[in-house]
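*Asks:* Need a 3D model of the following:
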Amino acid sequence: MKVERHWWNGVNGPRGRRDVYLSTDGTQWEVLAQTGGASGPSKTHNCPSRAAAEILANAWMGGRPEWRELAA
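*Replies:* Down below sits the predicted model:
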C-alpha cells in the first residue's frame, strides 16, 4: 500500500497526537487512524473507492479545521 494522503492534528507527543492515512495499492483503498504516534494503537478500514476512503478519513478527523495535511 502506498500512502496517498496523511493528516495529523498538529499535537506533538504521544498523549495527544492523532494521524489519519489514506492508502491504496492501485485497486483497493484503506484508511488508517492512529493515536499516540507511530507506536500507538491504530484502526484500519478498507474502502471500495477513493471517494469512500476520503469520506471516512474526513469523518475520523471530525471536520476539525486544525488538522493539517502532511506530504505523502
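*Asks:* does the residue sitting nearest the centre point of the chain sit in a helix or strand, and which one?
*Replies:* Here the mean C-alpha position of the chain is nearest to the C-alpha of residue 20 (C-alpha atoms, centre = their mean), at a distance of 1.5 Å. Secondary structure assignment for residue 20, by DSSP states H and E: strand 18-24.
*Asks:* The helix or strand following that strand: partners in the sheet, and parallel or antiparallel?
*Replies:* Using DSSP H and E, the helix or strand that follows strand 18-24 in sequence is strand 29-35. Note on strand 29-35: by DSSP bridges, its sheet partners are strand 18-24 (antiparallel), strand 42-47 (antiparallel).
*Asks:* OK, contacts around the residue of the chain most remote from its centre?
*Replies:* Most distant residue from the mean C-alpha position of the chain: residue 27, 18.1 Å away (C-alpha atoms, centre = their mean). Taking C-beta atoms under 8 Å, 6 or more residues apart in numbering as the definition of contact, residue 27 has no neighbours. In this view, the C-beta of every residue, glycine as well, is placed from N, C-alpha and C.
*Asks:* Output the below-cut-off pLDDT ranges for the protein.
*Replies:* By pLDDT under 70, the low-scoring segments of the chain are 65, 72.
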